[in-house]
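Colleague: please work out how this folds:
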Amino acid sequence: MTESFGALLRECRDAAGLSMGELARRVNYSKGYLSKIENELKPPNPTMAKLCDHALDADGRLIEAARAARTLDRRQVLAAGTMVGLALAGGPRPVLDESVLDGMRASFENLRALGMVTSPVVVLESLRAQANTVVALAAENPEPIRSRLLLLGGRIAEYTGWMCQEAGDEPGALAWTRRASELALAGGDREIESYAFVREAGLALYRQDPKSTIDLARQARRVGRPSARTLGMALRREAQGHAIAGDRDACERAMDRAAELLDQSTSDGVMFPVLGSTAPDPIGLARGWALCDLGHAAEAAAILDLELTRLAPSARRNRARFGARRSLAHALAGEIDQSCLTLAETLDDAAQVDSATVRMDLRDLARTLGRWRGHRTVREISPSLSRVLHRH
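Modeller: Predicted structure coming up:
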């Protein structure tokens, strides 16, 4: 290659007539980070290269340049894993067999189950340590165990990103999501490469940024090798982006297609933990959520009333998330007593899972109920709602 990635990025950006700030806005990376890439202070990563290539109409040149500059193969990731392993414990570890790998996966599944019912701070340190340990072990094991460890590490990193988001740490969520993509690629799986954009679209959704939500969700369908499930989850997120933009027709089209794809999908959880929502009907829940964003509050409340009955008592994080949205929908529809009644059922779950994203809806709900502060049921529920909101 005759020129560096940074030089090529600058050349393409200049040709497109974009400032560094405008490019940063379009690709959802910070201006400072892109500046370091252009000035060769940091190496490019595949996700950033794909986004820039698309934003600058570079016809694949930036993707190829990134591949040449920073090949994300096993050697690079495993070298980093070796350093982590040396820091975690002295000396080499024995070669693992399938039973040990199954045990490590079971350990991760236990952490995921715990993450459904408690605060993210309870599981985050364990998740970070497990991800680092799995990558370190991959450096010391032959195939096929090596690739299996890297793929498991990718799933752990992806879930760690979600828990960072739930803890209110958006930079951490982005960093772990992108690390998940790198680990999965090193292990030969391009599914997480696609799903990482679904996760980033979720961050944009909570920022109430419809354009970025839609663009990132569409990017998820264009990169990697997305399964029907990941395509469905991407369309589900795109539909939510259309909802906050106020476009019901586009929302419904995307949601209907998402439902078709998820019906066609098969779980990849036989060998590795499944990606994304584990709710029985993630499309039904998302429809209710989206209708609330579209201003169809009564319709949203009716759907969420039904969908909440399908969630297991152990799914406390989902129950808190969609329970808060259900109570908000009832309040926006003017059903104040029903809003307070359903909120009373949700607050214990919300307190237990300690979710930054759930608190966003609860704050909206508190503002809405504040218009009826003299109402008896509002007066009764307000102290409990305030305690959950002010725990931090």
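
Colleague: state the mean pLDDT of the helix ranked longest in the chain.
Modeller: Taking DSSP state H as the criterion, the chain has its longest helix at helix 145-166. In this model, helix 145-166 has an average pLDDT of 93.

Colleague: helices and strands around it, which ones?
Modeller: Where contact means 3 or more CB pairs under 8 Å, 6 or more residues apart in numbering; DSSP states H and E, helix 145-166 is packed against helix 74-88, helix 98-115, helix 120-138, helix 170-186, helix 191-206, helix 356-369. For the C-beta atoms, the positions are set from N, CA and C on the backbone; glycine is no exception.

Colleague: that one to helix 191-206, inter-axis angle?
Modeller: Per axes from the mean of the first three to the mean of the last three CA atoms, to 10 degrees, the angle that helix 145-166 makes with helix 191-206 is 0 degrees.

Colleague: circling back: and among the helices and strands packed on helix 145-166, the most buried is which?
Modeller: helix 191-206 (a mean of 24; mean count of other CB atoms under 10 Å).

Colleague: what's the angle between that one and helix 170-186?
Modeller: Using the same axes, to 10 degrees: helix 191-206 against helix 170-186 is 160 degrees.

Colleague: residues contacting the helix or strand that comes right after helix 191-206, please?
Modeller: Following helix 191-206 in sequence order, the next helix or strand is helix 210-220 (DSSP states H and E). The contact list for helix 210-220 (CB atoms under 8 Å, 6 or more residues apart in numbering) reads 28, 50-51, 54, 194-198, 200-201, 204-205, 226, 230-231, 233-235, 237-238, 240-242, 244-245.

Colleague: and with 6 Å instead?
Modeller: By CB atoms under 6 Å, 6 or more residues apart in numbering, the residues outside helix 210-220 that reach it are 28, 194, 197-198, 200-201, 204-205, 234, 237-238, 241, 244-245.

Colleague: how about stretch 235-247?
Modeller: By CB under 6 Å, 6+ apart, stretch 235-247 touches 198, 201, 205, 208, 210, 213-214, 217, 250-251, 254-255, 257-258, 286, 290, 293-294.

Colleague: list the contacts of stretch 328-344.
Modeller: 292, 297-298, 300-301, 326-327, 361, 364-365, 368-369, 372, 375, 377, 381.

Colleague: among the residues you listed, find me the one that's closest to residue 21.
Modeller: residue 364 (30.4 Å; CB to CB).

Colleague: enumerate every residue touching the closest one.
Modeller: So residue 364 contacts residue 328 (CB under 6 Å, 6+ apart).

Colleague: could you check the pLDDT of it?
Modeller: So residue 364 comes in at 95 (pLDDT).

Colleague: number the chain from 30, please
Modeller: Let's use 30 as the start, then, which means that last one is residue 393.

Colleague: residue 48 versus that one, what's the distance?
Modeller: As judged by CB to CB, to the nearest Å, residue 393 and residue 48 stand 34 Å apart.
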